[in-house]
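**Q** need the 3D shape of this:
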Amino acid sequence: MNTSVKIRLSVMMFLEFFIWGAWFVTLGTYLLKNLHTTGTEVGVAFLTQSIGAIVAPFIIGLIADKFFSAQKILGVLHIAGAILMWMCSTAPDFKAFYPYVLIYMIIYMPTLALVNSISFRQMTNPSKEFPPIRVLGTLGWIVAGFTIGWLGWEQHGTLDLTFKTAAAASLILGLFSFTLPATPPAKAGQTTSIGDILGLDAIGLLKNRSFLVFFLASVAICVPLAFYYNFTNPFLNEVGMQGAAGKQAFGQVSELLFMVAMPFFFVRLGVKKMLAFGMIAWVLRYIFFAYGNIDTNYWMLIAGIVMHGMCYDFFFVTGQIYTDNLAGERFKSAAQGFITLATYGVGMLIGFLISGPIVDSYKTGETHNWTQIWLIPAGIAAVVLVIFLLLFKDKTSMNTDPSLNLDEQKDMRLDV
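**A** Numbering: from 1, shown residues only. As a prediction, the model looks like this:
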């Protein structure tokens, strides 16, 4: 790629995740404080992410891959998203708000695949060229969080500005998308089945007992993940943390640092221990939240946030590598699509449905019993961890060189 293309792709990736981070982190607080919703309604609002994740493969598989250039679809979706984000900011109550956020997530989730597709199609060596561009996405999310915290929108009750900020950024990216390199449809004229779209060709991997255990653990661990997405920001604001959204951005900083360190741990620990340490981190994170406070145990709140990097990288990134190598060349894409549908679609859908009523059940007046609330996802993660340790058989041969980067290690076959 020439420098011009690299810059344009980097700007695209920065804006893509800045948009998401600008409103998604503080959504729960906005709904509870500004629209006076229940915890159940907060869960229903976050559930739109799972709906979007389920619908996204159909938009990509039936439209983007067959009929229109990816950069043009990206532009249209983000311009439409800008309108919907602005409408979210003006909705007077949850009944009016929900249709806007639902439609928005249905059209936003496909853009996550589109920005990757546009990037990969311009690269000759994606394993080396993609990471420096993708990291701009995480930086965009971090900048959004720090900006919200610095401006004090949570404390001032002006979180409607998060949607307006996302709308402005979405409009900019929508218009900017038409300047991106041409990315014509990759499967024009080809027949695409529902099984291809959902990655069901990879379902045969479930015959492998270890993969079946990993698959079920991945779905189950997304249930406590939903608690984190839904209620971390409302929790931190309720206990009195200043600039909570900015503090939460340290979770993405941690994600970057753990990503850099993963090759070191991957070679020395292997798949099973990496996945296990990731789940242990989930348990500890929620325990820290349960017993943390703004006074003597403030460090626990910060530790729970910072552990996001280990929670995400050690489990999900390791799981993606494990799935990639187990699937083989024929089913690589199908396997990744299948596991994504199961986790962000089914697993988090369950989590979003149960987390809201649980939070409501521990509400007294205007406050919540957060200790009891956070011990529930901690317990779920602990049960998943124990079952995983008992049933997952690590037959992986990690014949990898510690000097290899993570992408080079992904290309090496795991003997499972």
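
**Q** any idea how far the nearest residue to Ala144 once chain neighbours are set aside is from Leu375?
**A** Excluding the flanking residues, the one nearest Ala144 by CB to CB, 6 or more residues apart in numbering is Gly21, at 3.6 Å. C-beta coordinates here come from the backbone N, C-alpha and C atoms, glycine included. Applying CB to CB, to the nearest Å, the value for Gly21 to Leu375 is 28 Å.

**Q** the more surrounded of those two?
**A** Gly21 (28 against 17; other CB atoms under 10 Å).

**Q** now do the more buried one, the pLDDT please.
**A** pLDDT recorded at Gly21 is 93.

**Q** could you do the one 4 residues further on as well?
**A** With respect to pLDDT, Val25 has a value of 92.

**Q** picking up where we left off before, mind listing what the residue nearest to Ala144 touches?
**A** Counting by CB atoms under 8 Å, 6 or more residues apart in numbering, Gly21 touches Gly140, Trp141, Ile142, Val143, Ala144, Gly145, Ala249, Gln252.

**Q** hey, where'd the strands end up in the chain?
**A** 363-364, 367-368 (DSSP state E).

**Q** so of those strands, which one's packed in deepest?
**A** Ranked by mean neighbour count, these are led by strand 367-368 with a mean of 16 (mean count of other CB atoms under 10 Å).

**Q** mind listing the strands it pairs with, and their directions?
**A** Next to strand 367-368 in the sheet, as set by DSSP bridges, lie strand 363-364 (antiparallel).

**Q** neighbouring contacts of the strand it pairs with?
**A** Gly39, Asn369.

**Q** how about 7 Å then?
**A** Strand 363-364 is contacted from outside by Gly39, using CB atoms under 7 Å, 6 or more residues apart in numbering.

**Q** again, but for stretch 219-226
**A** Taking CB under 7 Å, 6+ apart as the rule, stretch 219-226 contacts 46, 279, 282, 286, 315, 342-343, 346-348, 350-352, 355, 377, 380-381, 384.

**Q** cutoff 6 Å now
**A** 342-343, 346-348, 350-352, 355, 377, 380-381, 384 (CB atoms under 6 Å, 6 or more residues apart in numbering).

**Q** apart from its neighbours in sequence, what residue is nearest the most centrally placed residue in the chain?
**A** Most central in the chain under CA atoms, centre = their mean is Tyr344, positioned 7.9 Å from the mean C-alpha point. For Tyr344, ignoring the flanking residues on the chain, the nearest one in space by CB to CB, 6+ apart is Ala53 at 4.2 Å.

**Q** ok, now which ones touch the one you found?
**A** Met109, Tyr344, Gly345.

**Q** any idea how many residues pack against Ser210?
**A** What Ser210 shows, counting by other CB under 10 Å, is a neighbour count of 19.

**Q** next: His156.
**A** With other CB under 10 Å as criterion, His156 counts 9.

**Q** what of the one 4 residues further on?
**A** Asp160 has 17 neighbours, counted by other CB under 10 Å.

**Q** next: Tyr104.
**A** Going by other CB under 10 Å, the residues that sit close to Tyr104 add up to 25.

**Q** put the alpha carbons of stretch 17-35 into CSV.
**A** Below are the C-alpha coordinates for stretch 17-35, written out as CSV (Å, rounded to 0.1, in the frame of the first residue of the first chain):
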residue,chain,number,x,y,z
PHE,A,17,-14.6,2.8,16.6
PHE,A,18,-14.7,6.4,17.8
ILE,A,19,-18.4,6.4,16.8
TRP,A,20,-19.2,3.2,18.7
GLY,A,21,-17.2,4.3,21.8
ALA,A,22,-18.7,7.8,21.8
TRP,A,23,-22.2,6.5,23.0
PHE,A,24,-22.1,2.8,23.8
VAL,A,25,-20.1,3.0,27.0
THR,A,26,-22.4,5.5,28.7
LEU,A,27,-25.6,4.1,27.2
GLY,A,28,-26.7,2.5,30.4
THR,A,29,-26.2,5.7,32.4
TYR,A,30,-28.0,7.8,29.9
LEU,A,31,-31.0,5.5,29.9
LEU,A,32,-31.2,5.2,33.7
LYS,A,33,-30.6,8.9,34.5
ASN,A,34,-31.9,10.8,31.5
LEU,A,35,-34.7,8.6,30.3
